[in-house]
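here is the input, now give the coordinates:
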Amino acid sequence: MDHDAADRESACPRTPRPPTPASRTSTPAGPAGTRSSATILRDPVGQRPCLPLPDSKRTVHPADEHLVLGGALEQAWRTLTGAPPAGWATSEPVGVPWSPRQLTDLARARAQQSLPTWIVAVGTPGHPAIATVRTTRTHLGVEEHITLAVGHRADQHAPVDTMPELAESLAARHNLATMIGQLRTARADLTAPAHHEPPPVPFSFTLGPDAVADRDGDDTAFAPARLGPAARPALHYTLGDGTDPAAWERLRQINGRLAATGEG
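Reported below is the predicted structural model:
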């Protein structure tokens, strides 16, 4: 599967194997695909917070020699699971220990050929999570499009209430542009069964400081929380608790408002 084909895969992909000691010497190379499975948890069916839409988390960085990619993904991973990603690669099986520096070197080399970079990152059986990251050089700078899914068993609390904290941290330290948080019922180990699963329901939407500064208009009708410095805030919209499909309509209204006022 090539990088472009990988972007068309399901945004909550099947979970690759976590890194194993025997595979830690391998190097990332080749086209991307994510089709093997992780260890099944004891209670395989439960709630999981999932960010499965295109551009579910988007960062835009200035393109300079000091840029290190992967910081936004690692921050989100630590906030939602308590640990960093275990490994990453451009194809499965995922056997390379997590390294923002190696990811940056790969993306920089591909950008010099006017090529995007697609990678997959995984967690451990104790902290099931999977993410895809597509990095591109655009007229805005270096953009990271991140999709992260984190699994939780039915007896665990999905960390929905941590999203404002995560949004503020990403906006302050990692050039967050937009982020959508969603919840869905699925396998806690993030594998995909061969039958229909309920669609995700959004529970939050965040607009980064640069996007806020570039638009005009009053958002009081949607009552967003203002995160970060008053002079340069991010806007965090609570859409619900992740169980009410009407949240999709609220998100549509917010997107319509942003489009009308210069963003979206």
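
every contact and neighbour count from this point should use C-alpha atoms.
Fine.

pretty sure Trp77 is touching Ala83, no?
Yes. Counting by CA atoms under 8 Å, Trp77 touches Ala83, with 6.6 Å between them.

ok, these two, which is more surrounded?
Trp77 (24 against 15; other CA atoms under 10 Å).

helix/strand/coil for the more buried one?
For Trp77, the assignment made with DSSP: H, G, I helix; E, B strand; the rest coil gives helix.

tell me if Ser204 really is in a strand.
Yes. Checked against three-state DSSP, Ser204 lies within a strand.

quick thing: my sequence starts at 20, can you match it?
Sure thing, new numbering starts at 20, so read that last one as Ser223.

what's the helix or strand for Val113?
Assigned by DSSP states H and E, Val113 falls within no helix or strand.

need phi/psi at it.
phi -80, psi 110 (degrees, to the nearest 10).

pLDDT wise, what is it at?
Per-residue pLDDT puts Val113 at 90.

where does pLDDT dip in the stretch 120-269 of the chain?
235-240 (pLDDT under 70).

90 instead?
144-147, 157-159, 170-180, 203-219, 229-242, 260-262 (pLDDT under 90).

that one: helices as residue ranges?
182-192, 228-232, 266-279 (DSSP state H, counting those that start in this stretch).

packing partners of the longest one?
Just to be clear, that refers to helix 266-279. Applying 3 or more CA pairs under 8 Å, 6 or more residues apart in numbering; DSSP states H and E, one finds that helix 266-279 contacts strand 220-226.

what's the strand it packs on in contact with?
179, 182, 186, 195-203, 253-264, 266-267, 270 (CA atoms under 8 Å, 6 or more residues apart in numbering).

hmm, which of those are the buried ones?
Buried members of those, counted by 16 or more other CA atoms under 10 Å: 179, 182, 186, 195-203, 253-261, 264, 266-267, 270.

just these: which are in strands?
The members of the buried ones among the contacts of strand 220-226 that map onto strands under DSSP state E are 195-203, 253-257.

which residues are in contact with the spatially closest residue to Ala266 that is not a sequence neighbour?
Leaving aside its chain neighbours, Ala266 sits nearest to Leu258 (5.3 Å; criterion: CA to CA, 6 or more residues apart in numbering). If a contact means CA under 8 Å, 6+ apart, then Leu258 has Pro221, Phe222, Ser223, Phe224, Ala266, Arg269, Leu270 as its contacts.

could you report the neighbour count for the third one?
To tie it back to what came earlier, the one meant is Ser223. Neighbour tally, Ser223, other CA under 10 Å: 25.

just the first one next, same as before
Number of residues near Pro221 (other CA under 10 Å) recorded here: 30.

partners of it in the sheet?
Gln201 (DSSP bridges).

one step back: and the helices of the stretch 120-269 of the chain as a markdown table, adding distance to Ala128?
Listed next are these as a markdown table, based on distance: least, CA to CA, whole Å:
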| stretch | distance to Ala128 |
| --- | --- |
| helix 182-192 | 24 |
| helix 228-232 | 27 |
| helix 266-279 | 35 |
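
can you tell me which of those is most buried?
helix 182-192 (a mean of 20; mean count of other CA atoms under 10 Å).

what angle separates that helix from strand 220-226?
30 degrees (axes from the mean of the first three to the mean of the last three CA atoms, to 10 degrees).

just the CA atoms of helix 182-192, as PDB, please.
In PDB, the C-alpha atoms belonging to helix 182-192 read as follows (Å, rounded to 0.1, in the frame of the first residue of the first chain):
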ATOM      1  CA  MET A 182      -9.700  16.900  26.500                       C
ATOM      2  CA  PRO A 183      -9.700  20.600  27.600                       C
ATOM      3  CA  GLU A 184      -6.400  20.000  29.300                       C
ATOM      4  CA  LEU A 185      -5.000  18.200  26.300                       C
ATOM      5  CA  ALA A 186      -6.300  20.900  23.900                       C
ATOM      6  CA  GLU A 187      -4.700  23.700  26.000                       C
ATOM      7  CA  SER A 188      -1.400  21.900  26.100                       C
ATOM      8  CA  LEU A 189      -1.400  21.200  22.300                       C
ATOM      9  CA  ALA A 190      -2.300  24.800  21.600                       C
ATOM     10  CA  ALA A 191       0.400  26.200  23.800                       C
ATOM     11  CA  ARG A 192       3.300  23.900  22.900                       C
END
